[in-house]
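Q: mind looking at a prediction? Sequence and model below.
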There are 4 protein chains.
Amino acid sequence: MRVQQLTGFGLSQLRSVDLPAPRPGPNEVLVKFEAASLNYRDHLMVEGRLYKGVPLPIVPISDGAGRVLAVGEKVSRFKPGDRVTTFYKSRWLGGRMRPEWEGADFGGPAPGVLQDEACFDAYSLALAPRHLDSLQAATLPIAALTAWQALEQAQLTSGQTLLVLGTGGVSLFALQLARLRGARVVVVSSSDEKLARAKALGAELGINYAKQPQWGAAVHEATGGVDAVVETAGAATLAQSLEAVGMHGFIGLIGFISGIDASFSLVQAILKRVRLQGISVASLEEHERMVRAIEAARLEPVIDRVFGFNEIPAAFEHLVAGRHFGKIGIDFSR
Amino acid sequence: MRVQQLTGFGLSQLRSVDLPAPRPGPNEVLVKFEAASLNYRDHLMVEGRLYKGVPLPIVPISDGAGRVLAVGEKVSRFKPGDRVTTFYKSRWLGGRMRPEWEGADFGGPAPGVLQDEACFDAYSLALAPRHLDSLQAATLPIAALTAWQALEQAQLTSGQTLLVLGTGGVSLFALQLARLRGARVVVVSSSDEKLARAKALGAELGINYAKQPQWGAAVHEATGGVDAVVETAGAATLAQSLEAVGMHGFIGLIGFISGIDASFSLVQAILKRVRLQGISVASLEEHERMVRAIEAARLEPVIDRVFGFNEIPAAFEHLVAGRHFGKIGIDFSR
Amino acid sequence: MRVQQLTGFGLSQLRSVDLPAPRPGPNEVLVKFEAASLNYRDHLMVEGRLYKGVPLPIVPISDGAGRVLAVGEKVSRFKPGDRVTTFYKSRWLGGRMRPEWEGADFGGPAPGVLQDEACFDAYSLALAPRHLDSLQAATLPIAALTAWQALEQAQLTSGQTLLVLGTGGVSLFALQLARLRGARVVVVSSSDEKLARAKALGAELGINYAKQPQWGAAVHEATGGVDAVVETAGAATLAQSLEAVGMHGFIGLIGFISGIDASFSLVQAILKRVRLQGISVASLEEHERMVRAIEAARLEPVIDRVFGFNEIPAAFEHLVAGRHFGKIGIDFSR
Amino acid sequence: MRVQQLTGFGLSQLRSVDLPAPRPGPNEVLVKFEAASLNYRDHLMVEGRLYKGVPLPIVPISDGAGRVLAVGEKVSRFKPGDRVTTFYKSRWLGGRMRPEWEGADFGGPAPGVLQDEACFDAYSLALAPRHLDSLQAATLPIAALTAWQALEQAQLTSGQTLLVLGTGGVSLFALQLARLRGARVVVVSSSDEKLARAKALGAELGINYAKQPQWGAAVHEATGGVDAVVETAGAATLAQSLEAVGMHGFIGLIGFISGIDASFSLVQAILKRVRLQGISVASLEEHERMVRAIEAARLEPVIDRVFGFNEIPAAFEHLVAGRHFGKIGIDFSR
């Protein structure tokens, strides 16, 4: 079977090798992968900026989907033929995360999905929503679950208002998942065209931050203060997000593309009694609740562009360029 | 102005009198009522089965809606022309209920809405959803808020499943409000025609309990166990509701038409780790959150039949007959 | 090594056999058991009233404590020499219980602790509080965790009042753990002597239900309504517990010794907005939080009486007699 | 009766005047004040740094305690002779704060307590804990409630660990209230003598930040990561607090003496899944829950120093010097 391995940091170190197919242990599942999707962490991983000490070679990319080929003798969760996705924090089944489980992330330190077949523990996989194909399902594990967790922590519900920043994978899932809950959504972006597309997905209001640098106050005025913000940008936007949020509001801290250290007004956070909540994906229990929600509503992930199994460098280039709207997929049959 | 007063218990004791219009105190609002809706508590009240010692005469009926005519000097919440509804637990603004506030319920012990004009404390009224007329808005205060509170306490969200019993006011609001949250809804009723109407409102599954007396097991099998039940019936249904609910499920205890004392299996409640939660309307804070949800989704209440200001006995007769689907309204202009 | 096996239902079918010592798998821990404690479920199990179809022979008794002798190569949670206890719901690490994990309970269906040495998965054991010996630590897994979970679900905190029924293992742990949280405790019992002992443990008020059959009203009057009840008795007491609890109060449904089907007043549950919550132990996450609390306060479990490894029938006889105050221990060195 | 009024900003503008005693309205209570306590907001208020536009003259100081002299005809909460304190956010009874209620704060914009007698709405006062005198009770309204609310929001319970910064009023109340809940407490201060006094109050560990500037890592190492931080200092300490806190931990944002804008590591907040929660006192419901906790444990507030009714300037000077340990009181009988 085909496996792509990173033999050193940098995409030029990606090698395709042929290995014998593995056999599942008693608690394992043998999966035939059909698709993957890219997250920014895959880029950091491949470039050696995430875990310098990870033993190489490693199979990159965290998120994948495919079909169950066989199950170990103790596995009752799945049967051959089921469509499944990876579950990124592979040992976090429910409740609180434990530090000792952080080391089991797919796509580094644990092997990723850029391989035809692989054996994984049955509790590190989840059923895909029935209405999705593998390419669509492969977009869910990190981006959709992060968005879901932010909404869960915010207890976002019908009649409330959510603010999302930009139109990357997490933001668009947050938009779509918030609509399923009956919430109204405001989007800020620097592109009128992307704002129009976000509205077509259900956003009620779009604000172009290039034209309106004080977009925080504008959002507050238009909404009376949003109930929650999915803060995917970080240092450059937190102050505006804090302007936009209402009394007792929620800010899910998720991304830091624009800077690792963020500054904010303590006075404003205190007087508004705001909650700033660090979010880093979620447990399998939450993943499965999200799948039920996606399935019940037949939600369709937004896929920006699809690359083939042997076009990984081009796919990463597209990711890093940052102009995508939604997720970037890898189709193993191409 | 016209006022209908109950001079003794029983509908035959209802008298129409003409009184001078009141003037609002500094924290009060003068409302011109245009519509009301009936709840079962109005029936119990009028028949003297709720508060035997309430001083008579009293203006009956708890739920009403109309227009603000004038506001007291300290009132900033409303302005003349606003459409408002009563807020039933008139002193419960937020947090937990206090026993001392129970005595301020509209329609007994405090005066109700069967009058052209009345002055109420500004925090015992709430803005109506903007897309509703007074007849529609008057259906909300008790029935919709009770349904909302059950869903709130259940933390019902997208992808989950709710079970509602019958097609009275609370049940239909629970169905509609659950749909706004992206939840799936199962309805049980003894009428195939009502089940069909409930499906038209968004229910996914209807079960006729007359044909399927063990409907609890049937619901469990069809859904894998519902996440929440809005238990409006009580003694006759609790055991089946407990069958229907899944692990860690929620049962909102709301009604007791079928009996005051309920029996249930402790073993089942314990092994499923079920929460049975007594629900009795909610605070103004929840009322206002509900109004935002109804307004954002332009939800339309289901009104079974409308009676005129002078047709109160016929309206109550229709209520007690129990064959309605949704709410019974009173239009003051008829 | 010594193992006691149940070869058929009934204590007369208990046989002592000698088996070779086991060796831990990669994720397992080899424990040398030094003590056990009895729970009522052990009695039901041994008598064949819990799982009729469980394959025999089986090693009985769920709760045990001892020392780690060796750990598998992938185990980082423990090291040789650590004092550990079993964790009863051996696969429930955190979040919500899954039905598929119910079958892994120690002492039936899975093997129990009545053996000198055994290998268990590392996540089905927990560190004992450092200040306790094995006999004390063996009392914790089911009884203390059940009490802890009830207080957790009730969010019991300082200044609140808890009601416990009787002086069995769960009730006394609830009393002690509630005191750690700064809560006041009321106890009802039929024995003045036991009430006096409960007060010595920190209870503020004791009521003899034999003398005061309407103890629910008495508790309500003395406390203004308790915040929470640990309902270990069931059918015979639920109505009184509902009398005793205050507005927005909590009743943890735990036991059903006095009857499997319970009847209660829906009207009272609704008007008080009471939460009745089914409780059946808890996850490892909660177990470990409880251990931290017990350790921080150096809480000492109440042990009624201790039997030797070969006195199991006498220990069960004492359990069933129901006159104990606290837990019944088994000391393997006796 | 004596009243101290601020006729312009700055303590030199404080004037003592003699006014006729007021009479309570139907929902009001006439209080004879016997004591007050100072908060930093009183200083900001008096210096004109809080509300520049507040109409003068104004009676300063938010926190006071005394005896009920008379109650209005509709008041059932109190009777003459009851010892009461002010409740600072005088209109926030429960649930969420509303912006329109912010303007009712005692001691500016609404009149404060530096007067012999005053009439207040019955729901803007609360019973004092029975074991405290007026001087002790007067320390509670802002400082103790802020600390209580932080612990409530953190859901701090037995076995958990709290970090408090310094030994001001809020920090010491947090220490004492955390001990009531069975939590362990770590204190950082620049004074070994204050650390010793904090340990005498129940702190387990004291760290001198002057000697150990990287105290965040030191606290994390000693505790495995604290569960909660009461962040009273702000800009200068937030980064260290974030070091000190554990996975899924809580940081209550309360003070900003050391700077209004705070910078922190987004990466750390995200990877630890930390909650940073703005805290600004709390509702009457929480105040009353706190009073029950203080009363049940007979907790004694820590009073640094007491000044007389006519020594206000000296009291403020002591406050601003910042060397106090606990609260600064005003005894109206001196």
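A: Happy to help now that I have it.
Q: switch to C-alpha atoms for all contacts and neighbour counts from now on
A: Will do.
Q: wait, is A:Ile328 part of a strand?
A: Yes. Counting by DSSP: H, G, I helix; E, B strand; the rest coil, A:Ile328 is part of a strand.
Q: how about the contacts made by it?
A: Going by CA atoms under 8 Å, 6 or more residues apart in numbering or on different chains, A:Ile328 touches A:37-38, A:139, A:303-307, A:315, A:319.
Q: helices along the stretch 151-300 of chain A, start to end?
A: Using DSSP state H, counting those that start in this stretch, the helices of the stretch 151-300 of chain A run over A:169-180, A:192-200, A:215-223, A:238-244, A:266-271, A:284-297.
Q: which neighbouring elements make contact with the shortest one?
A: Contacts of helix A:266-271 with other secondary structure elements, assessed using 3 or more CA pairs under 8 Å, 6 or more residues apart in numbering or on different chains; DSSP states H and E, are made with strand D:245-253, strand D:261-265, strand D:275-278.
Q: ok, of those strands, where does mean pLDDT dip lowest?
A: Here the lowest mean pLDDT among these goes to strand D:261-265, at a mean of 93.
Q: okay, the angle between that one and strand A:261-265?
A: Interaxial angle of strand D:261-265 relative to strand A:261-265 (axes from the mean of the first three to the mean of the last three CA atoms, to 10 degrees): 150 degrees.
Q: re earlier: pick the most buried one from the helices of the stretch 151-300 of chain A.
A: helix A:169-180 (a mean of 27; mean count of other CA atoms under 10 Å in any protein chain shown).
Q: who touches it?
A: Contact with helix A:169-180 is made by A:143-144, A:146-148, A:151, A:156-157, A:162, A:164-165, A:184-185, A:198, A:201-203, A:230, A:232, A:293-294, A:297, A:299, A:301-302, A:325-327, B:158, B:180-182, as judged by CA under 8 Å, 6+ apart.
Q: so who does the residue positioned nearest the centre of chain A touch?
A: Among the residues of chain A, the one closest to the centroid is A:Ala143, at 1.1 Å (CA atoms, centre = their mean). For A:Ala143, the contact set (CA under 8 Å, 6+ apart) comprises A:39, A:169-170, A:173, A:281.
Q: go with 6 Å
A: Neighbour list for A:Ala143: A:169-170 [criterion: CA atoms under 6 Å, 6 or more residues apart in numbering or on different chains].
Q: separation between it and A:Ala174?
A: Applying CA to CA, to the nearest Å, the value for A:Ala143 to A:Ala174 is 9 Å.
Q: just A:Lys52 next, same as before
A: Distance, A:Lys52 to A:Ala174, by CA to CA: 31 Å.
Q: show me which residues of the stretch 201-334 of chain A sit near chain D.
A: Proximity of the stretch 201-334 of chain A to chain D (CA under 6 Å from any CA of the partner chain) is limited to residues A:260-266, A:269-270, A:273-280.
Q: can I have the buried ones of the residues you listed as a ChimeraX selection?
A: In ChimeraX, this line selects whichever of those come out buried by 16 or more other CA atoms under 10 Å in any protein chain shown:
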select /A:260,262,263,264,265,266,269,270,273,274,275,276,277,278,279,280
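Q: quick check: beta-bridge partners of A:Glu28?
A: Taking DSSP bridges, one obtains A:Asp121 as the residues bridged to A:Glu28.
Q: pull the contacting residues for it.
A: Going by CA under 6 Å, 6+ apart, A:Glu28 touches A:72, A:120-122.
Q: from C:Ser280, how far out is it?
A: For A:Glu28, the distance to C:Ser280 (CA to CA) stands at 30 Å.
Q: same question for A:Arg323.
A: As judged by CA to CA, A:Arg323 and C:Ser280 stand 51 Å apart.
Q: and A:Pro301, by the same measure?
A: Distance from A:Pro301 to C:Ser280, by CA to CA: 39 Å.
Q: if we can go back for a sec, show me the contacts of A:Ile328 that map onto helices.
A: When the contacts of A:Ile328 are checked against helices (DSSP state H), the matches are A:315, A:319.
Q: going by distance to chain B, which of the contacts of A:Ile328 wins?
A: Nearest to chain B among the contacts of A:Ile328: A:Thr139, at 18.6 Å, using CA to the nearest CA.
Q: skipping adjacent residues, who's closest to the closest one in space?
A: Spatial nearest neighbour of A:Thr139, chain neighbours left out: A:Ser37 (5.3 Å); criterion: CA to CA, 6 or more residues apart in numbering or on different chains.
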